[in-house]
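Colleague: return atomic coordinates for the entry below.
(2 chains)
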2 protein chains.
Amino acid sequence: MGLSDRIDRAIGTAISRGQARPSPGKLASALHYTVTPGGARIRPTLLLSVAAACGDDRPVLADAAACALELIHCASLVHDDLPCFDDADIRRGKPSVHRAFGEPLAILAGDSLIVMAFEVLARAAPEDPLRAAKLIEILATRTGMPGGICAGQGWESETEVDVRAYHRAKTAALFVAACQMGAVAAGHDADAWEDLGDRIGEAFQVADDLRDALYDEETLGKPVGQDDLHGRPNAVTELGVQGAIARMRDILGGAISSIPKCPGEAHLAKLVTAQAEVLTPLKWRAAQVPGE
Amino acid sequence: MGLSDRIDRAIGTAISRGQARPSPGKLASALHYTVTPGGARIRPTLLLSVAAACGDDRPVLADAAACALELIHCASLVHDDLPCFDDADIRRGKPSVHRAFGEPLAILAGDSLIVMAFEVLARAAPEDPLRAAKLIEILATRTGMPGGICAGQGWESETEVDVRAYHRAKTAALFVAACQMGAVAAGHDADAWEDLGDRIGEAFQVADDLRDALYDEETLGKPVGQDDLHGRPNAVTELGVQGAIARMRDILGGAISSIPKCPGEAHLAKLVTAQAEVLTPLKWRAAQVPGE
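Modeller: Numbers count the residues shown, from 1 in each chain, chains lettered A, B, ... in the order given. Predicted coordinates:
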């Protein structure tokens, strides 16, 4: 079974269990709406790729970890889209959850998905309770306070921002989680994988800045120009388009060098290289933003 | 150390860790604001009482469980108070979190506390990984969908409500979690303790209905008359004040009979009886609501 099938199956099973009756029907529908159709599933794919590189000796744990990580990511999108944050009307090409279901159900869908992520990992614990506990600890650390994506969003309410802490929490946190959880699910040490996750996260932050600057709303499936609008730091503003592309490729080069020794090291390096190509479409390589 | 000291210490440690720098200062403050001063800490006290009745052979796990349960309860209060739900201006006698910090930080504080609850349990896992995983599974089940407090709140968006499922999810769920987690932390089976939690939860639902009908806002520290306002089912509307008091005492009598065999069975029965007295202040026993 391919990685994306494993991810979809694990997510489908979790959502179905969350919809078991008796349950409030609209919230049950909102859960399904939130996770389908999936985006690129980049984080769980990275997680399973790392698990594969480490031998993937407990695929049930790896699948649970991939599912849990994607549920957290989806929950964060639902809450970030709320009127008091980005006030986004569309997400992945369809109405955002609060536009489709209203604010109360959007808040509850996010809450329920956060909880479901930890439930999925707890249910997989009989496979290896110590690994499962470590997976839960990593996911929580990279989701909550002081260094997870909640903290990342929290920085946007500060007048003085620690930019490095902000980016690490807002974007890199879940990539670090992906790398560390993939390794831990397969019985490897978490610490060695932090650097790779950090670098991939940094590259994605730059890619996100490029998309925000270069794409229109229809192509992107969500509002553009959000960084300018909210006064958030952005690599394109700082370096220009070509400078940002060069920065991103440098970072990914560093990422490849940082891959820890493991059975699938060479294959994983190829995947990261391929990702670099996906992140910088050919047409970007001659692109500029107005006024550049 | 008394139960309330154990609870306060565990919560204090968790919040401090969540505030470690670098972290966004306002969100860090909102976390502390949300959990202090504590309310009656009824759920974690019940949890530790059940753990004590079961021998409390792993107090580190029991403390983590009590802390996690209270964090989830506090998170639910913050989200329930939001403008799109109860729109409550005050909670525990001070401005609600969104009134003090704004909506974005209230949403993030709730999210962070949910995550922190699971993190606390995962960090305690080395004490006994299988028990910890079971604790996480129980807490998740009683918090999320389809049967936890998120589901309970979700029922309020439905036009046709399964009233029994609604009350079990909205109020009883965290009392079931308290009883089951207390037992599991001490190495006992979870299933035997569900009935006690259900009954205590039912009694609290009736007590809450009585408070909502009989107290003014200043005494209660939160808005009153919310059930009438939101068209929610209420035992006082259905049975009158004295009928509701009688119902509550019946339920607690049943709760005492349902306590599973355990070393501290008699002491736990005394605690539940004492709680029944607290829940029905003398002055209520002659009270009526206008028009009764």
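
Colleague: pLDDT below threshold where in chain A?
Modeller: Flagging of chain A using pLDDT under 70 yields the residue ranges A:217-225, A:228-232, A:282, A:288-292.

Colleague: which residue ranges of the stretch 1-150 of chain A form strands?
Modeller: A:90-91, A:94-95 (DSSP state E, counting those that start in this stretch).

Colleague: tabulate the ones you listed (TSV), appending mean neighbour count and distance to chain B.
Modeller: C-beta coordinates here come from the backbone N, C-alpha and C atoms, glycine included. Shown next, in TSV, are these (neighbours: other CB atoms under 10 Å in any protein chain shown; distance: least, CB to the nearest CB, whole Å):
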stretch	mean neighbour count	distance to chain B
strand A:90-91	20	17
strand A:94-95	14	17
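
Colleague: out of those, which is closest to residue A:174?
Modeller: For the strands of the stretch 1-150 of chain A, the distance to residue A:174 is smallest for strand A:90-91, at 16.8 Å, taking CB to CB.

Colleague: which neighbours does the closest one have in its sheet, and in what orientation?
Modeller: strand A:94-95 (antiparallel) (DSSP bridges).

Colleague: can you pull out the residues in contact with the partner strand?
Modeller: A:89, A:100 (CB atoms under 8 Å, 6 or more residues apart in numbering or on different chains).

Colleague: do stretch A:175-182 as well
Modeller: Where contact means CB under 8 Å, 6+ apart, the residues beyond stretch A:175-182 that reach it are A:43-44, A:46-54, A:62, A:65-66, A:69, A:135, A:138-139, A:141-143, A:190, A:193-194, A:196-198, A:200-201, A:204.

Colleague: export only the CA atoms of it, formatted as CSV.
Modeller: The C-alpha trace of stretch A:175-182 is given here as CSV (Å, rounded to 0.1, in the frame of the first residue of the first chain):
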residue,chain,number,x,y,z
PHE,A,175,7.9,19.3,10.4
VAL,A,176,10.1,18.6,13.4
ALA,A,177,7.2,16.5,14.7
ALA,A,178,6.9,14.7,11.4
CYS,A,179,10.6,13.7,11.4
GLN,A,180,10.8,12.9,15.0
MET,A,181,7.6,10.9,15.1
GLY,A,182,8.6,8.9,12.0
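
Colleague: which members of the contacts of stretch A:175-182 additionally contact chain B?
Modeller: Restricting the contacts of stretch A:175-182 to those adjacent to chain B (criterion: CB under 8 Å from any CB of the partner chain) gives A:141, A:143.

Colleague: can you give me the helices in the stretch 51-200 of chain A?
Modeller: A:59-80, A:97-101, A:103-123, A:129-141, A:149-155, A:163-167, A:173-185, A:194-214 (DSSP state H, counting those that start in this stretch).

Colleague: which of the ones you listed is buried the deepest?
Modeller: Each of the helices of the stretch 51-200 of chain A was assessed for mean neighbour count using mean count of other CB atoms under 10 Å in any protein chain shown. The highest is helix A:173-185, with a mean of 30.

Colleague: contacting residues around the residue of the stretch 151-292 of chain A found nearest chain B?
Modeller: In the stretch 151-292 of chain A, the residue that lies nearest chain B is residue A:154 (3.4 Å; CB to the nearest CB). With contacts defined as CB under 8 Å, 6+ apart, residue A:154 is in contact with A:145, B:23-24, B:26-28, B:105, B:108, B:112.

Colleague: okay if I get the residues you listed as TSV plus distance to residue B:278?
Modeller: Converted to TSV, the contacts of residue A:154 look like this (distance: CB to CB, whole Å):
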residue	distance to residue B:278
A:145	34
B:23	38
B:24	39
B:26	36
B:27	35
B:28	34
B:105	34
B:108	34
B:112	31
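
Colleague: and which of those residues is nearest residue B:269?
Modeller: Nearest member of those to residue B:269, counting by CB to CB, is residue B:112, at 37.7 Å.

Colleague: and the nearest residue to residue A:158 once chain neighbours are set aside, how close does it get to residue A:165?
Modeller: Closest residue to residue A:158 apart from its sequence neighbours, by CB to CB, 6 or more residues apart in numbering or on different chains: residue B:24 at 5.1 Å. Remark: distance between residue B:24 and residue A:165 (CB to CB, to the nearest Å) = 8 Å.

Colleague: give me the common contacts of these two.
Modeller: Common contact partners of residue B:24 and residue A:165 (CB under 8 Å, 6+ apart): A:151, A:155.

Colleague: OK, contacts around the residue lying closest to residue A:201 once chain neighbours are set aside?
Modeller: Distances taken as CB to CB, 6+ apart place residue A:172 nearest to residue A:201, at 2.7 Å, with adjacent residues excluded. Counting by CB under 8 Å, 6+ apart, residue A:172 touches A:197-198, A:200-202, A:204-205.

Colleague: repeat the analysis, applying 7 Å as the threshold.
Modeller: By CB atoms under 7 Å, 6 or more residues apart in numbering or on different chains, the contact list for residue A:172 reads A:197-198, A:201-202.

Colleague: now those residues as TSV including distance to residue B:99?
Modeller: Below are those laid out as TSV (distance: CB to CB, whole Å):
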residue	distance to residue B:99
A:197	38
A:198	37
A:201	35
A:202	37
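
Colleague: pretty sure residue A:128 is one of the things residue A:58 touches, is it not?
Modeller: Yes - using CB atoms under 7 Å, residue A:58 makes contact with residue A:128 at a distance of 5.8 Å.

Colleague: residue contacts, residue A:123?
Modeller: Residues in contact with residue A:123 (CB under 7 Å, 6+ apart) are residue B:137.

Colleague: now swap in residue A:171 and tell me
Modeller: Applying CB under 7 Å, 6+ apart, the residues contacting residue A:171 are A:201, A:204-205.

Colleague: now do residue A:190
Modeller: Contact analysis of residue A:190 by CB under 7 Å, 6+ apart lists A:134, A:138, A:180, A:183-184.

Colleague: if we go to 10 Å?
Modeller: Contacts for residue A:190 (CB atoms under 10 Å, 6 or more residues apart in numbering or on different chains) come out as A:134-135, A:137-138, A:141, A:176-177, A:179-184, A:197.

Colleague: same check on residue A:121?
Modeller: Residue A:121 neighbours (CB under 10 Å, 6+ apart): A:61, A:64-65, A:67-69, A:131-140, A:181, A:185, B:118, B:122, B:133, B:136-137, B:140.

Colleague: which bits of the stretch 151-292 of chain A sit near chain B?
Modeller: Residues of the stretch 151-292 of chain A lying near chain B by CB under 10 Å from any CB of the partner chain: A:151-162, A:164-166, A:168-169.

Colleague: look up how far residue A:214 lies from the closest residue to residue A:279 other than its chain neighbours.
Modeller: Distances taken as CB to CB, 6+ apart place residue A:207 nearest to residue A:279, at 4.4 Å, with adjacent residues excluded. Separation of residue A:207 from residue A:214 (CB to CB) stands at 10 Å.

Colleague: what do those two both touch?
Modeller: Common neighbours of residue A:207 and residue A:214, counting by CB under 10 Å, 6+ apart, are A:244, A:284.

Colleague: what is the burial count for residue A:235?
Modeller: Applying other CB atoms under 10 Å in any protein chain shown, we find 24 residues neighbouring residue A:235.

Colleague: who are the contact partners of it?
Modeller: Going by CB under 10 Å, 6+ apart, residue A:235 touches A:167, A:202, A:205-210, A:212-213, A:227, A:241, A:243-245, A:247-248.

Colleague: what does residue A:14 give?
Modeller: With CB under 10 Å, 6+ apart, residue A:14 has these contacts: A:31, A:35, A:64, A:67-68, A:70-71, A:113, A:116-117, A:119-120, A:123.

Colleague: ok, now with 7 Å
Modeller: A:67, A:71, A:116, A:120.

Colleague: wait, doesn't residue A:57 sit right on residue A:184?
Modeller: No - if you go by CB under 7 Å, residue A:57 and residue A:184 don't touch, sitting 11.8 Å apart.

Colleague: distance of residue A:5 from chain B?
Modeller: As for residue A:5, its distance to chain B is 24 Å (criterion: CB to the nearest CB, to the nearest Å).

Colleague: for residue A:64, see how far away that residue is.
Modeller: 15 Å.
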